[in-house]
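In: only geometry, no sequence info:
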C-alpha cells in the first residue's frame with residue numbers, strides 16, 4: 001500500500017477499484033468532468049498530457065505561447081470527441097499570466113487541476129556560464145516564477161471550493177544533483193520545495209500537490225545535447241501516463257528508482273557522490289551549442 005497517496009486515492013485504488021474489476025464494471029476516471037489546465041500544451045509532454053486527460057473525460061485548458069500549435073492540439077482533441085480550449089500566453093510575462101488567470105476563471109468558473117509543465121532546460125558547465133547570468137534568470141522565470149504565479153492565481157478558488165490538485169513536472173535532477181544543470185535543476189528544485197510546503201498549508205482544504213520527478217523524455221528540449229541522442233528516454237506519451245496517474249491518485253511525489261538511490265547517496269555519502277558525479281561529468285562533455293554559448297546571448 002502506497003502511503004504517499006491521499007486517503008481517498010488509497011480507498012479508490014486498493015478497495016473500490018479491485019471490486020469494480022471483479023464485477024466487470026471499471027470505475028470512471030476521477031478526471032471525468034474536471035477542468036484541467038495544462039501548460040506547455042503545444043508539443044511534447046504537454047500535448048500528450050492534454051490528449052490523455054481529455055480522453056478521460058476532462059475539459060482541458062491548453063496553454064502555450066504558440067497559438068497556431070495550440071489550435072492544432074485543440075482540433076485534434078475535439079476530433080476525438082474531447083473538450084479543449086486554447087489560451088496563448090507567455091508565462092514569463094507577469095501581466096499576461098494574471099490576465100490568463102482572470103480570463104480562465106471568468107470563462108470556466110474554476111480550475112480543478114493544474115499541470116505546470118511548461119519549462120526550459122539548459123545543460124552548460126559553469127566554465128561556460130560565468131558571463132551568462134541570464135541563463136539562470138530565464139530558467140527561473142519559466143520554471144519557477146511562472147508556475148508559482150499561475151498557481152497562486154488559481155489557488156484561492158480551489159481552496160474556496162475545497163478541491164484542487166497541482167502537478168509540477170520537475171526532474172529527477174532535484175534528487176541526483178547532476179552536474180552541468182545548475183540553472184535548470186536549481187529552478188526545478190525551487191518549484192519542488194514550494195509545492196511541498198504549499199501542500200501542507202492547503203491539506204485541510206483538500207488541495208494537494210504532486211511533484212513528478214521525471215527522468216529523460218525524448219522531446220525537442222533535449223535535441224541540442226549530443227550525449228542524449230542515444231540515451232534511453234521515455235516517449236512523451238509514457239510521461240503523460242505518469243501525469244495522468246499523478247492527477248488521478250494525487251501522490252506527494254512520483255520518482256524513479258535511480259533518483260531515489262541518488263538521493264540516498266547524497267545524504268549518506270555526499271563526498272563519494274560528488275566524486276562519482278564529477279567523473280560522470282568529465283565523460284560527458286558539453287555539447288557544441290553549450291560551448292559556443294560563451295560570451296554570447
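Out: Thanks, I have the structure now. Everything numeric here is computed off the predicted structure, so don't read it as measured data. Numbering: from 1, shown residues only.
In: confirm residue 36 sits in a strand?
Out: Yes. Per DSSP: H, G, I helix; E, B strand; the rest coil, residue 36 lies within a strand segment.
In: please enumerate the helices of the stretch 101-250 of the chain.
Out: Taking DSSP state H, counting those that start in this stretch as the test, the helices found in the stretch 101-250 of the chain are 133-140, 146-161, 173-176, 182-202, 236-249.
In: for the third one, packing partners?
Out: Pointing back at helix 173-176 there. With contacts taken as 3 or more CB pairs under 8 Å, 6 or more residues apart in numbering; DSSP states H and E, helix 173-176 sits against helix 182-202, helix 257-268. All C-beta atoms are positioned from the backbone trio N, CA, C, and that covers glycine.
In: to residue 155, which of the ones you listed lies closest?
Out: Closest of those to residue 155 is helix 182-202, at 7.0 Å (criterion: CB to CB).
In: identify each buried residue in the closest one, please.
Out: Residues of helix 182-202 classed as buried by neighbour count (16 or more other CB atoms under 10 Å): 182-192, 194-195, 198-199, 202.
In: tell me the one of these nearest residue 171?
Out: For these, the nearest to residue 171 is residue 188 (5.0 Å; CB to CB).
In: show me the contacts for the closest residue in space to the closest one that isn't next to it in sequence.
Out: Ranked by CB to CB, 6 or more residues apart in numbering and with sequence neighbours excluded, the top spatial neighbour of residue 188 is residue 170, at 4.4 Å. Residue 170 sits next to 188-189, 191-192, 211-214 when contact means CB atoms under 8 Å, 6 or more residues apart in numbering.
In: what's the answer for residue 207, then?
Out: Contacts for residue 207 (CB under 8 Å, 6+ apart) come out as 155, 158-159, 162-166, 199.
In: if we go to 7 Å?
Out: By CB atoms under 7 Å, 6 or more residues apart in numbering, residue 207 lies in contact with 155, 158-159, 164.
In: excluding its backbone neighbours, what's nearest it?
Out: Using CB to CB, 6+ apart, the closest residue to residue 207 is residue 164 (4.0 Å).
In: quick one: that neighbour and residue 158 touch, right?
Out: Yes. Contact status for residue 164 versus residue 158: in contact at 2.9 Å, counting by CB atoms under 7 Å.
In: ok, back up a step: kindly indicate which of the buried residues of helix 182-202 lies nearest residue 292.
Out: residue 183 (16.7 Å).
In: now do that closest one against residue 125, distance only.
Out: Per CB to CB, to the nearest Å, residue 183 is found 11 Å from residue 125.
In: and for residue 266?
Out: For residue 266, the distance to residue 125 (CB to CB) stands at 20 Å.
In: and what of residue 95?
Out: 35 Å.
In: with residue 33 instead?
Out: Separation of residue 33 from residue 125 (CB to CB): 48 Å.
In: same deal with residue 205?
Out: Applying CB to CB, the value for residue 205 to residue 125 is 43 Å.
In: give the rounded mean pLDDT of stretch 176-193.
Out: Taken as a whole, stretch 176-193 has a mean pLDDT of 92.
In: how far does that stretch sit from its chain's centre?
Out: Chain-centre distance of stretch 176-193: 13 Å, with CA atoms, centre = their mean, to the nearest Å.
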